[in-house]
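Colleague: Need coordinates for the following:
(one chain, ligands or ions: 1)
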Amino acid sequence: MLQLESITKSIREPNGQRRLLFDGLDLSMFESDRSIAILGRSGSGKSTLLRVLAGLDVAYEGRYYHGQDLVPQNSQASADFRMKHIGFVTQSYDLLDDRNVAQNVRLGIAGRGDKSALISQCLAEVQLSGFEQKRVQHLSGGEAQRVAIARALAKRPNVVLADEPTGALDETTERGILDLFADLQDRGSKFIIATHSETVAQACDYRLVLAGGKLVERD
Ligand SMILES: Nc1ncnc2c1ncn2[C@@H]1O[C@H](COP(=O)(O)OP(=O)(O)OP(=O)(O)O)[C@@H](O)[C@H]1O
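Modeller: Next up, the predicted model:
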């Protein structure tokens with residue numbers, strides 16, 4: 001369903017030298033896969049990999065397929081691809097402070113018109129019914145995380161990418177988010193999660209480690 005083939009990407013270090021971040025990296029997520037954890041030490045490229053998968057970073061060599069289609073490597077076409085197929089929960093949630101919860105979830109839905117029923121349904125899915133009018137700066141970390149997830153789910157994406165989704169949360173809240181992910185997977189959503197958390201990794205079907213510019217399987 002998603003396939004990265006021989007992805008190569010280099011970055012420029014602060015000292016001006018180029019470093020090979022991805023060195024012929026391959027990744028396959030099949031229709032039957034529910035969740036993949038991407039592990040690896042800090043700086044190994046996990047967030048960059050998610051940005052490539054989201055079509056946000058198109059500066060790479062190699063091929064990225066979504067189904068039979070090659071994912072485009074120009075910004076406008078890859079933005080269309082992302083809007084259609086990918087839900088992205090970033091490390092910092094990226095909620096807009098000057099809008100309420102419903103308006104933030106609305107940002108994840110394409111097209112015009114009243115989407116309030118869909119917004120309420122998405123909020124119900126993350127156990128935030130009734131939060132529509134709440135200002136985002138009044139949310140707890142766990143609630144903000146769930147609004148970011150609701151926004152990612154609103155377009156009914158093929159895949160949800162989550163970057164360190166429980167990094168700033170306590171253990172109980174982390175458990176709640178993982179239960180929510182499991183529930184969403186039961187209902188057909190697929191997840192690729194970059195994480196340092198062993199708890200999150202163990203909750204995923206597959207664990208891959210990003211090291212030396214490639215993904216290798218871990219038990
Ligand atoms: N656009 C860019 N230009 C230059 N360097 C970049 C760019 N994007 C990322 N990097 C560098 O690439 C390396 C990988 O960064 P990335 O954030 O993907 O790592 P990570 O594995 O997610 O790290 P962490 O676990 O700390 O979040 C880092 O050294 C980072 O500074």
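Colleague: rest of the way, CA atoms for contacts and neighbours
Modeller: OK.
Colleague: ranges for the strands of this protein?
Modeller: Along the chain, counting by DSSP state E, strands occupy 2-12, 18-29, 35-39, 61-66, 69-70, 86-89, 159-163, 190-194, 206-211, 214-218.
Colleague: where does residue 219 land on pLDDT?
Modeller: On pLDDT, residue 219 comes in at 69.
Colleague: before we move on, back to that, turn the strands of the chain into a markdown table, columns for mean neighbour count and distance to the ligand.
Modeller: Below are the strands of the chain laid out as a markdown table (neighbours: other C-alpha atoms under 10 Å; distance: least, C-alpha to the nearest ligand atom, whole Å):
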| stretch | mean neighbour count | distance to the ligand |
| --- | --- | --- |
| strand 2-12 | 18 | 5 |
| strand 18-29 | 17 | 7 |
| strand 35-39 | 25 | 8 |
| strand 61-66 | 17 | 15 |
| strand 69-70 | 12 | 22 |
| strand 86-89 | 26 | 14 |
| strand 159-163 | 25 | 8 |
| strand 190-194 | 25 | 7 |
| strand 206-211 | 20 | 8 |
| strand 214-218 | 16 | 12 |
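Colleague: Reformat those as CSV; add distance to residue 175.
Modeller: Converted to CSV, those look like this (distance: least, C-alpha to C-alpha, whole Å):
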stretch, distance to residue 175
strand 2-12, 27
strand 18-29, 25
strand 35-39, 16
strand 61-66, 31
strand 69-70, 36
strand 86-89, 17
strand 159-163, 15
strand 190-194, 15
strand 206-211, 18
strand 214-218, 22
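Colleague: Tell me which residues touch the residue nearest the centre of the chain, please.
Modeller: With distances taken as C-alpha atoms, centre = their mean, residue 161 lies nearest the centre of the chain, 1.7 Å away. Residues in contact with residue 161 (C-alpha atoms under 8 Å, 6 or more residues apart in numbering) are 50, 54, 86, 87, 88, 89, 191, 192, 193.
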